[in-house]
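Undergrad: Pasting a predicted model and its sequence here:
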Amino acid sequence: MEEKIKKIVESVVMGFDASKLGPGDNFKEAGIDSLDIFSIIMEVQNEFGVQVSDDEAEECNSIGAIIAMLEKKQAA
Amino acid sequence: MIGIKHVSVEIPPGRLDNLARQEELDFDENFLRSKIGAISVSRLAPEDNTIDLASRAMGRLLQETGLPASDVDLLVLVTQTPCTGGIPHLSAILHHRMGLRQDCHFFDVALGCSGWVQGLSIVKGYCASHGLKTAVLVTADPYSKILDPGDRNSVLLFGDGAAATLLTERPVFSIGKFALMSDTQSHEAIRREAGGFFQMNGRRVMEFGGKLVPASIRQAIAIQDEPGLKIDRYFVHQGSKYIVDQLRRQMGASEYEMPYCSTDYGNLVSSSIPAVLKQEWDRTGNRAVVCGFGVGLTSAATVLSRLE
């Protein structure tokens, strides 16, 4: 799941190398801005077939946070 | 059949320098250049309003083409900021200011960023129905009048502007069939309460831009009933540099094929596509997609074919 999300990050954020992005690394601190985060979440929705609410999107500030959100949805 | 003969654009000379507002609105230069795209935004003089902008655009069209005002059979005015409050409709004032004939048809259309493309559809169908030969489609929206000056999600994006498009039976571009896609469940994503400021939910608009806008473009190409139709250029609504970049990626187009050209003046709402078409007039190739999207949420697209 982590690798899939890294691929999404690289496809959305032009010129970004996601290989060194750890699961807990904050997107904004890594130089990924709010518009890119919107796009990442949009692609995550398409890739994993889930719907992410605005409140859930607010929490998606790292790869780990996206994984946690997806696991929570899968468990529900 | 009626098609596009000429486009005139009116962008007021006033500019608000976005770069100078980094500290005030808390953003960095890279964000402005790579995402917003507009380094400055055009601003109408405070004493002027929508009707002044529309009058200048249409006045310029008559001047540039030498078309006598008495030749105009139909005037359609697209705006979401009617400075009269809606009564009378602005096209009545514009009809009077331009000295159009008493039997010239005219009406307003309330549409946002898809308004020019949908306006072409209306004009094409209306002229065919009533046997009219010469039409002017005016788009005019000084959004600065309704923006919250402290809202960086909108003030950095929108510029004031207008366009006037001449449609005749001896056009430069013929107009194809139209595709329309909408997500009205998200109608509140771009809205304005009566008397209040413009509001936009960026995430909803981005989602719409990522799914239904490319779908409307693909549908517009498919419905022309021309297998293997080759598109040379894509003139899409200049919402922001980012949304054009994302759309370009989705459509597999190059920067030349789908340009972002609004660095100097910003998102001109329903006038953004005619402004790009005007700039690229001699470089359209044989076939160009035009696609407007936004308020509604709606996305309208068609294919223009060069005839001369």
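TA: Structure received.

Undergrad: which stretch of helix or strand covers B:Thr302?
TA: Under the criterion of DSSP states H and E, B:Thr302 resides in strand B:298-306.

Undergrad: Check the offset of that strand from the chain's centre.
TA: Distance of strand B:298-306 from its chain centroid, counting by Cα atoms, centre = their mean, to the nearest Å, is 12 Å.

Undergrad: Contact partners for the closest residue to chain A within the stretch 1-150 of chain B?
TA: Proximity to chain A, evaluated over the stretch 1-150 of chain B using Cβ to the nearest Cβ, is greatest for B:Lys35 at 5.2 Å. All C-beta atoms are positioned from the backbone trio N, CA, C, and that covers glycine. Counting by Cβ atoms under 8 Å, 6 or more residues apart in numbering or on different chains, B:Lys35 makes contact with A:33, A:35, B:240-242.

Undergrad: ok, 6 Å please
TA: B:Lys35 is in contact with A:35, B:242, counting by Cβ atoms under 6 Å, 6 or more residues apart in numbering or on different chains.

Undergrad: Repeat that for B:Phe178.
TA: By Cβ under 6 Å, 6+ apart, B:Phe178 lies in contact with B:121, B:302.

Undergrad: go again using 7 Å as the cut-off
TA: Residues in contact with B:Phe178 (Cβ atoms under 7 Å, 6 or more residues apart in numbering or on different chains) are B:121, B:220, B:300, B:302.

Undergrad: so who does the third one touch?
TA: By Cβ under 7 Å, 6+ apart, the contact list for B:Ala300 reads B:114, B:117-118, B:178, B:180, B:216, B:292.

Undergrad: So which of the residues you listed belong to strands?
TA: With DSSP state E as the criterion, strands contain B:180, B:292 from among the contacts of B:Ala300.

Undergrad: So among the contacts of B:Ala300, which ones count as buried?
TA: Using 16 or more other Cβ atoms under 10 Å in any protein chain shown as the burial test, the contacts of B:Ala300 include B:114, B:117-118, B:178, B:180, B:216, B:292 as buried.

Undergrad: Turn those into a markdown table, including pLDDT.
TA: Shown next, in a markdown table, are the buried ones among the contacts of B:Ala300 (pLDDT from 0 to 100):
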| residue | pLDDT |
| --- | --- |
| B:Ser114 | 96 |
| B:Val117 | 98 |
| B:Gln118 | 98 |
| B:Phe178 | 98 |
| B:Leu180 | 97 |
| B:Ser216 | 96 |
| B:Gly292 | 97 |
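
Undergrad: Please read off the pLDDT at residue 21 from the model.
TA: No chain in the question, so chain A it is. pLDDT recorded at A:Leu21 is 89.

Undergrad: Not quite, go with chain B.
TA: At B:Arg21, the model reports a pLDDT of 93.

Undergrad: Would you confirm that it belongs to a helix?
TA: Yes - B:Arg21: assigned to a helix according to DSSP: H, G, I helix; E, B strand; the rest coil.

Undergrad: neighbours of it, just the number please.
TA: Around B:Arg21 there are 15 other residues, counting by other Cβ atoms under 10 Å in any protein chain shown.

Undergrad: residues contacting it?
TA: For B:Arg21, the contact set (Cβ under 7 Å, 6+ apart) is empty.

Undergrad: Would you mark the buried spots in stretch A:15-23?
TA: Within stretch A:15-23, the residues scored as buried using 16+ other Cβ under 10 Å are A:16, A:18, A:21.

Undergrad: just the helices in the chain please.
TA: All of this refers to chain A. A:2-12, A:34-48, A:54-59, A:63-75 (DSSP state H).

Undergrad: Chain B is the one I meant
TA: Assigned by DSSP H, the helices in chain B fall at B:22-25, B:29-31, B:50-65, B:90-98, B:115-130, B:152-155, B:202-222, B:241-251, B:272-279.

Undergrad: is the second one anywhere near chain A?
TA: Yes - Helix B:29-31 comes into contact with chain A when judged by Cβ under 7 Å from any Cβ of the partner chain, the residues involved being B:Phe31.

Undergrad: for that helix, packing partners?
TA: In terms of contacts (3 or more Cβ pairs under 7 Å, 6 or more residues apart in numbering or on different chains; DSSP states H and E), helix B:29-31 is packed against no helix or strand at all.

Undergrad: near chain B, which residues of chain A?
TA: Near chain B, when you scan chain A using Cβ under 7 Å from any Cβ, you find A:33, A:35, A:38-39, A:42, A:54, A:57.

Undergrad: try 8 Å this time
TA: Selection of chain A residues close to chain B by Cβ under 8 Å from any Cβ of the partner chain yields A:14, A:33-35, A:38-39, A:41-42, A:54, A:57.

Undergrad: got the residues you listed as a markdown table, with neighbour count columns?
TA: Formatted as a markdown table, the residues of chain A next to chain B follow (neighbours: other Cβ atoms under 10 Å in any protein chain shown):
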| residue | neighbour count |
| --- | --- |
| A:Met14 | 10 |
| A:Asp33 | 17 |
| A:Ser34 | 14 |
| A:Leu35 | 21 |
| A:Phe38 | 22 |
| A:Ser39 | 24 |
| A:Ile41 | 22 |
| A:Met42 | 21 |
| A:Asp54 | 9 |
| A:Ala57 | 19 |
